[in-house]
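Participant: For reference, the sequence and a predicted model appear below.
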Amino acid sequence: MKRARSAFQPIPSKQHDPRSPRLPRADSFTGCLLGLAVGDALGMPGKFLRASEIAERHGALRDFKGSWSLRLRPGQWTDETQLSLLTIESLIEKGTVIAADLADRFAAWYRSGGVRGL
């Protein structure tokens, strides 16, 4: 009798085929940031709404839509992407998490008036 796999046991992965293309790390990181911004912009009209409200107002969010209540045009990202980018800039410049630097960046961003989607 075969024993069932526990949910906590690692699933063996295939070895990487050296012939398959691999993106350079910088391209992978850029892709992550692009995915963050696109996902944020796509989901933005549903911000602060329950799933039932999103379905009622928008159906499935498959296209970029604006938000009158958040004062954002279709395709614009929100504060989540802005704060993520500020965090990444800080990490790149400082090499580690420096809470005071993050606080300064977030406060300057807020004072700049460029806050979106709050």
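Facilitator: Right, received. Where do you want to start? Residues are numbered from 1 along each chain as shown.

Participant: Going by neighbour count, list what's buried in stretch 54-73.
Facilitator: Using 16 or more other CB atoms under 10 Å as the burial criterion, the residues of stretch 54-73 that qualify are 54, 65, 67, 70, 72. Any C-beta I mention is one placed from the backbone N, CA and C, and that applies to glycine too.

Participant: would a markdown table of those residues with pLDDT and secondary structure be doable?
Facilitator: A markdown table is the format used below for the buried residues of stretch 54-73 (pLDDT from 0 to 100; DSSP: H, G, I helix; E, B strand; the rest coil):
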| residue | pLDDT | secondary structure |
| --- | --- | --- |
| 54 | 88 | helix |
| 65 | 89 | coil |
| 67 | 84 | strand |
| 70 | 81 | coil |
| 72 | 89 | strand |
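
Participant: burial measure for residue 81, as a count.
Facilitator: Applying other CB atoms under 10 Å, we find 20 other residues in the vicinity of residue 81.

Participant: Pretty sure it sits against residue 40.
Facilitator: Yes. Taking CB atoms under 8 Å as the contact criterion, residue 81 and residue 40 are neighbours in contact, 4.6 Å apart.

Participant: What separation do you get for residue 57 and residue 67?
Facilitator: Distance of residue 57 to residue 67, given as CB to CB, to the nearest Å: 10 Å.

Participant: Could you tell me which residues make contact with the most centrally placed residue in the chain?
Facilitator: The residue at the geometric middle of the chain, judged as the C-alpha nearest the mean C-alpha position with CA atoms, centre = their mean, is residue 36 (2.9 Å). Residue 36 sits next to 80, 81, 84 when contact means CB atoms under 8 Å, 6 or more residues apart in numbering.

Participant: and of the residues you listed, the nearest to residue 29?
Facilitator: Minimum separation from residue 29 among the contacts of residue 36 (CB to CB) is found for residue 84, which lies at 12.2 Å.

Participant: I'd guess that closest one is in a helix, am I close?
Facilitator: Yes. Remark: residue 84 belongs to a helix, assigned using DSSP: H, G, I helix; E, B strand; the rest coil.

Participant: Let me know how buried it is, in neighbour terms.
Facilitator: Neighbour tally, residue 84, other CB under 10 Å: 16.
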